[in-house]
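Enquirer: Sequence and predicted model, in that order:
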Amino acid sequence: MLKGFRGLGFFFLKYRVQWSLGMTCVFFSVAISLLGPPFFVRFVIDELYAGRATLETVGWNAFYIMLATLLANAVVFAQRQFNVVSSFKVAYDVRKAIFEQLTNLDQTYFHQNKTGDLMSRLTSDLNMVREMLGFGINAGSQTLLRMIMSIGLMIWLSPTLGLIVLAVFPIIAGLLAIMVRIIAKRYVAVQEQSSAISAKAQENFSGIRVVKGYAIEDREIAEYKDMNAEYKKRSMALAISEAPEWAAVGIAMNTVFVIVLLVGARELLFQGATTGNANANFAGLTPGKFVQFFTYLFELSWPMLAVGWMTNIFQRGSSSWSRLQEILDAKSVITDSRVDPSIKAVDGLIEFKDVTVKADGRTLLANVNLKIPKGTTVGITGRTGSGKTLLGQLIGRLIDPSSGVILIDGQDARTVPIQVLRSAIGLVPQEPFLFSDKLSENIAFGLPNSTQITEPNIPDLERVQMAARVAGLSKDVADFKEQFETVLGERGITLSGGQRQRTAIARAIARDPAILILDDSMSAVDTETEARILSELKKVLEDRTVILIGHRVSTLRFADNIVVLENGRVLEQGTHDQLIHQGGYYAEMERKQSLQTELEVEIEPVATRV
């Protein structure tokens, strides 16, 4: 089980002073409760049995018992403050570390792991680890120390009876060892199914428009019901495997009670019979010692029963920590292993030299050579799957080439610190992602210290308004009741497709990047609005490098140079006029789109008359 706690010591030792004080409190609370009241009770019983007890003696001992009980509980309170509070602090640090790790991992990791599963680990698994560190260590340390001290005191009081109790431990330990292995496997199965359920729910809620649009609510409900039934089945199997622990330990302890009662009573009766005097002084086991022994035996009952319970808590905590450790152990494919720390900024000169990208045995890009001077606008087009988006991802080092090199300002992109490189890029992906926050905060997301940018006299507000104007969003904002204070729904669901795209464009523009990458980012915008946006972009990004990825000739014609990709290779390259003159793929695409536009113009008056 100790292997399951690898890495947890780093977080645990940060609060070693609090844990040490907590463990000290555990020792004193157990010592006071075991060495105080039982000894006072024993003294009173022996004094009563010998006929020497007085009302004053009994009263003072009762007072000492109450005092010891109050003191022990006061120490327990302090112990909980140290241990339990520290467990919440450890959980805070772990949660922070995992979020930081997930934020720094590259996109490959998220392609391989479901969001719902990661959320389950951050909530359910982390709570189980916190419970282990708080209640588990708090109760577990008490249980262990109480067992050791109780057995030691019982052997001291009566070696014969103490050894009888001690003989039960190997039996209980063997039973628990078998059960723990079964429980561990079933607990992991339960957590995996819980993660699957979370992932299913998260995907359905995020894609609720698709679910309702295809009217498949009943099918999704049925699938979720089946998954939930499987979770119930696994949970029941776990509960069934845990149940025998209590019964086995309970039977073992009750058997010990009976044996101790018989052996102890026989010894007391034998001593009384040999003296022939009921008031004789016992040389060995006295009535007070026998009661004290049974007090410790009762004190031992709960720890013995709790051993199985505590084992479950630590086993679950260990399994949950292993799942969290998997996240902390994950490594990014894209790293800063070769960086030149002297590079502090990016100007915008980009060059691809024999760049090839392979994945899963397929060649996605092959021997791409392309130079993009600073301040120029380059259009990238081609059929679906030709590798257009990959070019944009390579520039920002979201992926690295399998061979070849990408130069940024004449330097290998891998020598440019990732933070420096990506800070110089404004990326608008094919599917823009907006946060459930104010519109202004979404636009200012890429700016430093962007929170509360709508406060008066904050210069960033001017930048947000400028970016919205360039992205053709100002008129839409003016129609919103709260304008820039409008809170968007999850993923920006309260906006139309075109508004979401323009908000994402505004977010990239507000950053004032050296390199702007627009990946088919105006597909939901009409051609007239698109023309206005591109015209405004030309003004504000005059000395910036712009990459336009898309299929619309109306977008691409604004570019200084246009690259056509086919099966990962550069098929054509040149200006708009040059490619039209060549009569290749680009020219055919322009002819088809022009014909479609003419048909739409002809159909519109007819539709109006109808």
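Expert: Yep, it's here. Residues are numbered from 1 along each chain as shown.

Enquirer: Which residues are in contact with Gly207?
Expert: With contacts defined as CB atoms under 8 Å, 6 or more residues apart in numbering, Gly207 has no neighbours. Placement of C-beta: from N, CA and C, glycine included.

Enquirer: and it, how far is that from Leu102?
Expert: As judged by CB to CB, to the nearest Å, Gly207 and Leu102 stand 22 Å apart.

Enquirer: now swap in Asp329 and tell me
Expert: 13 Å.

Enquirer: got it, and Leu461?
Expert: 31 Å.

Enquirer: and if you look at Phe11?
Expert: 17 Å.

Enquirer: now Thr555
Expert: Taking CB to CB, one finds Thr555 at 35 Å from Leu102.

Enquirer: Comparing the two, which residue is more hemmed in?
Expert: Thr555 (24 against 17; other CB atoms under 10 Å).

Enquirer: ok, residues contacting the strand or helix carrying that one?
Expert: Using DSSP states H and E, Thr555 falls within helix 553-556. Contact partners of helix 553-556, identified using CB under 8 Å, 6+ apart, comprise 379, 381, 522, 527, 530-531, 534, 548, 550, 562, 576, 586, 589-590, 593-594.

Enquirer: so how far is it off the chain centroid?
Expert: Taking CA atoms, centre = their mean, to the nearest Å, one finds the center of helix 553-556 at 42 Å from the center of the full chain.

Enquirer: Downstream of that helix, the next helix or strand is which one?
Expert: strand 561-566.

Enquirer: Listing partners with orientation, what would you give for that next one?
Expert: Using DSSP bridges, the strands paired with strand 561-566 in its sheet are strand 377-382 (parallel), strand 569-574 (antiparallel).

Enquirer: Could you export the first one as CSV, CA atoms only?
Expert: Going back to what we said before, that points to strand 377-382. Written as CSV, here are the backbone C-alpha positions of strand 377-382 (Å, rounded to 0.1, in the frame of the first residue of the first chain):
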residue,chain,number,x,y,z
THR,A,377,-0.7,38.3,-44.8
VAL,A,378,-0.7,34.7,-46.0
GLY,A,379,-3.7,32.7,-47.0
ILE,A,380,-3.8,28.9,-46.5
THR,A,381,-6.4,26.9,-48.3
GLY,A,382,-7.1,23.4,-49.6
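
Enquirer: Quick one: distance of that strand to the chain centre.
Expert: On CA atoms, centre = their mean, the centre of strand 377-382 falls 38 Å from that of its chain.

Enquirer: what residues does that strand touch?
Expert: By CB under 8 Å, 6+ apart, strand 377-382 touches 370, 372, 388, 391-392, 538, 545-551, 555-566, 571, 585-586, 589.

Enquirer: Distance-wise, check Val570 relative to Arg95.
Expert: 47 Å.

Enquirer: Which one of the two is surrounded by more residues?
Expert: Val570 (19 against 16).

Enquirer: For Leu365, give me phi and psi.
Expert: phi -130, psi 140 (degrees, to the nearest 10).

Enquirer: Would you check that it makes contact with Val355?
Expert: Yes. Between Leu365 and Val355 there is a contact under CB atoms under 8 Å: 6.0 Å.

Enquirer: Now list whatever residues contact both of these two.
Expert: With CB under 8 Å, 6+ apart, Leu365 and Val355 have common neighbours Leu394, Pro401.

Enquirer: According to the record, where do the domains of the protein fall?
Expert: 2-80+137-190+232-329, 431-512 (automatic domain parsing).

Enquirer: Could you tell me the end-to-end distance of the last one?
Expert: The first and last residues of domain 431-512 sit 21 Å apart, counting by CA to CA, to the nearest Å.

Enquirer: Please identify the deepest-packed of the domains of the chain.
Expert: domain 431-512 (a mean of 18; mean count of other CB atoms under 10 Å).

Enquirer: any idea how far Val470 is from Lys538?
Expert: For Val470, the distance to Lys538 - CB to CB - is 10 Å.

Enquirer: Val464 too?
Expert: Val464 is 21 Å from Lys538, by CB to CB.

Enquirer: likewise Ser474?
Expert: Relative to Lys538, and taking CB to CB, Ser474 is found at 18 Å.

Enquirer: Check Ile183 too.
Expert: In terms of CB to CB, Ile183 sits 66 Å off from Lys538.

Enquirer: Check Arg397 too.
Expert: 27 Å.

Enquirer: between those two, which one's more packed in?
Expert: Shown here are Arg397 and Lys538; by other CB under 10 Å, Arg397 has more neighbours (21 against 12).

Enquirer: quick one: secondary structure of that one?
Expert: Under DSSP: H, G, I helix; E, B strand; the rest coil, Arg397 falls in the coil class.

Enquirer: mind listing what it touches?
Expert: Applying CB under 8 Å, 6+ apart to Arg397 gives the contacts Ile334, Ala413, Arg414, Ile418, Leu421, Arg422.

Enquirer: redo that, cut-off 6 Å
Expert: Taking CB atoms under 6 Å, 6 or more residues apart in numbering, we find Arg397 in contact with Ile334, Ala413.

Enquirer: pLDDT below threshold where in the stretch 351-500 of the chain?
Expert: The stretch 351-500 of the chain contains residues with pLDDT under 70 at 449-459, 489-494.

Enquirer: what does the stretch 201-350 of the chain give?
Expert: 206, 209, 214, 242-246, 271-284, 304-309.

Enquirer: For Glu203, which of the domains of the chain is the nearest?
Expert: domain 431-512 (12.7 Å; CB to CB).

Enquirer: what about the residue nearest the centre of the chain, which SS state?
Expert: The centroid of the chain falls nearest to Leu122 when counting by CA atoms, centre = their mean (3.2 Å). Secondary structure, three-state DSSP: Leu122 is helix.

Enquirer: Distance of it relative to Phe445?
Expert: 22 Å.

Enquirer: Repeat that for Val346.
Expert: In terms of CB to CB, Val346 sits 20 Å off from Phe445.

Enquirer: which one's the longest helix in this protein?
Expert: Counting residues, the longest helix in the chain under DSSP state H turns out to be helix 217-275.

Enquirer: what's that helix packed up against?
Expert: Using 3 or more CB pairs under 6 Å, 6 or more residues apart in numbering; DSSP states H and E, the elements in contact with helix 217-275 are helix 159-166, helix 169-206, helix 287-329.
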